[in-house]
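Student: Attaching a predicted model along with its sequence, questions to come.
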Amino acid sequence: LLHGIGSVHKLPDTSVLGSNGGDTGIGIGTSLIPVIFIIPGGQFDDLADDLEDVDFEDAGNADDDEGWETEDEMEAEQDDSELTFSKHTGSVFCVSLDPATNSMAVTGGEDDKAYVWRVSDGEVLLECTGHKDSVTCALFSHDSSMVATGDMSGMIKVWKVDTKEEIWSFEVGDLEWLEWHPCAPVLLAGTDDGNVWMWKIPSGDCKTFQSSACQATSGKVLPDGKRAVVGYEDGTVRVWDLKQGNAIHVIKGRDAHQGALTCLACNKDGSLVLTGSVDGCAKLINTATGKVGDGKAKGSPDKEESNSVESVGFCNILPLVALAYLDGTLAIYDFSTQVLRHRCQHEAGIVHLQWEESSSVVSTCCLDGALRLWDARSGSLVCEYRGHTAEILNFTINREASLAVTASGDNQAKVFCLQRPDR
């Protein structure tokens, strides 16, 4: 179990903190952060060959969900952005950058559309139409040659970026997540019926990974390209062998979460996976053994409502992980010593976090419409960027950590230049 606290930042006066080793939980306000950790296992091989030799099998599809509503619009007191993309006519739910050059963004929105546009000037390069519901997933393939878009009803489309044409489409059950393979033209999706689909693009050869009939709420292909980790609504986690089609590890029962998984992330070599859940817990899983920490921390008995973990991530250069909570807490842990280092309080719930590729800076987007950069070594706020008049629902940062692209409930996406004295 975690013990000790490195430092505390911007805490309300009512916060209750344990200060010495041996605590069974870390106090946040009147609640505890329960986190279960294990020490990292062995290392894994480098990125594997792509899935050209996968034996694909044929496989044989659904309802409206309301768009998220902005509760109280915020006055735009300042706009720190360099560019505003305003083609969407509804909330913008998702954004990603092309991995090859980081020069193109794709955004999806409540208007049932996705746009591929140039980050430098906002020019639309491709308008992705034909969806039946809000586009909640939009992302580029590993080589940036294709972009996949998925809507809430389960309609998935793949577009060739250079020719601007739709090259493949398929309809599944209500879509939970969409993920490209890291080194092959292979697309994976998780649905509300518990299935995980895998297609070869553009041929459409298909394979499915079936489990119990509960939502496959989050998923990630590991860096070796051979395995995927999937989290489910019932709190279980499965590590799938993509070639053989079987579950290598199933984390269930006492080791599983006590509520639906909301997020997961892996470290750079894929040896560790960090999961977050509506139960307020985060768990660190060894992907080689499927082992989870033995201890279990309990939340405070006087706080009934759950403090959901909304986003998690690993630092690439230090043994640190970050957890973002619905109550606005960003928690930084040193997982090698199992100690909470810093706790950074936000003015509203955190939606998403992302570590910079080559530094100890972690960024967060928040329901208060701000993008914030935090130094995980000190726990201090580095920069804050504003400009949106509603909550930020997603964001991404380029490889050089020189710009961020945000998606918001104000129907806009924005590009922010991230200027810091140490650059």
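Tutor: Ah, there it is. Just so you know, these numbers come straight off a predicted model, no measurement behind them. Numbering: from 1, shown residues only.

Student: Could you list the low-pLDDT ranges of the stretch 301-423 of the chain?
Tutor: For the stretch 301-423 of the chain, applying pLDDT under 70 flags the ranges 301-306, 420-423.

Student: The stretch 51-200 of the chain now?
Tutor: In the stretch 51-200 of the chain (pLDDT under 70), the answer is 51-76.

Student: where does the nearest residue to K268 once chain neighbours are set aside sit relative to S360, distance-wise?
Tutor: Once flanking residues are discounted, K268 sits nearest to N316: 5.5 Å by C-beta to C-beta, 6 or more residues apart in numbering. Any C-beta I mention is one placed from the backbone N, CA and C, and that applies to glycine too. For N316, the distance to S360 equals 9 Å [C-beta to C-beta, to the nearest Å].

Student: more crowded one of these two?
Tutor: Higher neighbour count among N316 and S360: S360, with 17 against 14, using other C-beta atoms under 10 Å.

Student: Grab the nearest non-local neighbour of the more buried one.
Tutor: In space, not counting the residues next to it along the chain, S360 is nearest to A376; the distance is 4.6 Å by C-beta to C-beta, 6+ apart.

Student: Identify the residues contacting that neighbour.
Tutor: By C-beta atoms under 8 Å, 6 or more residues apart in numbering, the residues touching A376 are C315, L318, L320, A322, I332, R341, H342, S360, V361, V362.

Student: one more time with 10 Å
Tutor: 315, 317-318, 320-322, 330, 332-334, 341-342, 344, 355-356, 359-362 (C-beta atoms under 10 Å, 6 or more residues apart in numbering).

Student: ok, the nearest residue to S277 once chain neighbours are set aside to L175 distance?
Tutor: Using C-beta to C-beta, 6+ apart and skipping residues adjacent in sequence, the residue nearest S277 is H257, 3.9 Å away. Distance check for H257 against L175: by C-beta to C-beta, it reads 22 Å.

Student: Next: M198.
Tutor: Counting by C-beta to C-beta - M198 and L175 are separated by 14 Å.

Student: returning to what we had before: Produce a ChimeraX select command limited to the buried residues of the contacts of A376.
Tutor: Buried residues among the contacts of A376 (16 or more other C-beta atoms under 10 Å), as a ChimeraX selection:
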select :315,318,320,321,322,330,332,333,334,341,342,344,355,356,359,360,361,362
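
Student: In strands only, show me the contacts of A376.
Tutor: 320-322, 330, 332-334, 341-342, 344, 355, 361-362 (DSSP state E).

Student: could these go into a markdown table alongside distance to F93?
Tutor: Output for these, formatted as a markdown table (distance: C-beta to C-beta, whole Å):
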| residue | distance to F93 |
| --- | --- |
| L320 | 29 |
| V321 | 26 |
| A322 | 22 |
| L330 | 22 |
| I332 | 27 |
| Y333 | 29 |
| D334 | 33 |
| R341 | 32 |
| H342 | 30 |
| C344 | 25 |
| W355 | 22 |
| V361 | 25 |
| V362 | 22 |
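
Student: What's opposite L371 in the beta bridge?
Tutor: Applying DSSP bridges to L371 gives these bridge partners: C365, Y385.

Student: whoops, L83 was the one
Tutor: The residues that L83 bridges to, once DSSP bridges is applied, are V415.

Student: Tell me how far it lies from R118.
Tutor: Distance from L83 to R118, by C-beta to C-beta: 10 Å.

Student: Identify the residues contacting N246.
Tutor: F209, R238, W240.

Student: Check what pLDDT it gets.
Tutor: pLDDT recorded at N246 is 96.

Student: now it: how far from K207?
Tutor: 12 Å.

Student: Between L83 and R118, tell me which one has more neighbours.
Tutor: L83 (17 against 14).

Student: and A138, what is it in contact with?
Tutor: 92-96, 105-109, 113-116, 128, 147-151, 157, 159, 178, 394, 407 are the contacts of A138 under C-beta under 10 Å, 6+ apart.

Student: ok, 7 Å please
Tutor: A138 makes contact with C94, S96, V106, T107, G108, A114, V147, T149 under the criterion C-beta atoms under 7 Å, 6 or more residues apart in numbering.

Student: Now it: closest residue in space, sequence neighbours ignored.
Tutor: For A138, ignoring the flanking residues on the chain, the nearest one in space by C-beta to C-beta, 6+ apart is G108 at 3.8 Å.
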